[in-house]
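S.K.: here is a sequence together with a model predicted from it:
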Amino acid sequence: MSVEETDTEVILTHPENSKTFVKILKYGATVYSWSLEGQEQLWLSSAAKLDGSKPVRGGIPLVFPVFGKNEDDEFLSKLPQHGLARNSTWEFLGQVSANPPTVQFGLGPELANPELTKLWPMDYSLILTVELGSGHLKTHIEVSNTSSSQPLKFNWLFHTYLKIADIEDTLVSNLTGAKLYDQMLQESYVDRQPVVSFHEELDRIYQRVQEDRLIQVIDKGHPIHTVKRHNLPDVVTWNPWVEKSKGMADFEPKSGFKEMVCVESGHVHSLLELQPGQSWTAYQLLYKDELNYQVL
Ligand code: BG6
């Protein structure tokens, strides 16, 4: 069977290769494992909570309706860092295609974490579609404003933890020339480096990166992950390095920062705003590709 549902998760297996599968926790609709022909592609902390007591440290947590902490909006500012989608149990809506195996999950205020919903009392509906190709993983989101009177303001982000061999041999490409906000320096500038390399904690929000730029994670000259984005102009790159990893109780092993890099596709630099009845869609596609330097 290519789709298996348990009380807590849904597992899709590709019909042509039993070693290609994706595991999705209903809590947060969090993809926490993606195996491609037997090779795990996502990083997951060995101390990650998969019991719904905390957002998952690893995989692809979903960030909605706020990225980081909002300081200005009357309601968004009350929510904790990264919002409420990653700490709510989503409804499994079922399978929508047999090949490639594709499933959907839904979330709205009636299902979402009640404590957080009190803080952000909006009418919305989210539908996450997860498609497992023989060589790709596509996560597609549709956000609808189901209110009859209020606009819906939000950020969206796929907080993707990619598995790598060694952070010091890793580069992230095709962000050259983009304006970024550096959360470590707390300042904005244009990245003039040909590639992003990692030597200490790095936390950057690249803004309005053209959609045709493929973001690639390169290990010793070989592209190991390619990220294609649709309607997701901002790219967050993050590695917590030594000290920040020590401060996160659910980040294990403490040396795990060497084997992960977050490349997060989102709409976070500004808020999206939907009028009553309007919807917005976007997707992230993870796959393997040839080395493709589009900007140097
Ligand atoms: C990244 C942010 O997206 O998420 C970082 O840019 C943050 O600033 C990181 O530290 C992890 O956040 P959290 O809430 O999962 O610990």
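M.R.: Received it, and whenever you're ready, just let me know what you need. Please read all numbers here as calculations on a predicted model, not as lab measurements. Residues are numbered from 1 along each chain as shown.
S.K.: now do stretch 106-121: distance to the chain's middle.
M.R.: What separates the centre of stretch 106-121 from the centre of its chain is 20 Å, taken as C-alpha atoms, centre = their mean, to the nearest Å.
S.K.: contacts made by it with the rest, please.
M.R.: Stretch 106-121 is contacted from outside by 29, 65, 75-76, 78-80, 83-85, 87-91, 93, 122-128, 146, using C-beta atoms under 8 Å, 6 or more residues apart in numbering. (Each C-beta comes from the backbone N, C-alpha and C, glycine too.)
S.K.: test my guess that residue 94 contacts residue 103.
M.R.: Yes - with contact defined as C-beta atoms under 8 Å, residue 94 reaches residue 103; the gap is 6.7 Å.
S.K.: ok, the residue in the stretch 1-150 of the chain positioned nearest to the ligand - contacts?
M.R.: Residue of the stretch 1-150 of the chain nearest the ligand, by C-beta to the nearest ligand atom: residue 81 (4.5 Å). By C-beta under 8 Å, 6+ apart, the contact list for residue 81 reads 68-69.
S.K.: tell me if it really is in a helix.
M.R.: No - using DSSP: H, G, I helix; E, B strand; the rest coil, the secondary structure at residue 81 is coil, not a helix.
S.K.: quick revisit: report the buried members of the contacts of stretch 106-121.
M.R.: 29, 65, 76, 79, 83-85, 87-90, 122-124, 126-128 (16 or more other C-beta atoms under 10 Å).
S.K.: so of the residues you listed, which ones are in helices?
M.R.: Taking DSSP state H, every one of those sits outside helices.
S.K.: tell me where this structure has helices.
M.R.: 114-119, 241-246.
S.K.: buried residues of the longest strand along the chain, list them for me.
M.R.: For the chain, the longest strand by residue count, based on DSSP state E, is strand 260-274. Residues of strand 260-274 classed as buried under the neighbour-count rule (16+ other C-beta under 10 Å) are 260-269, 271-272, 274.
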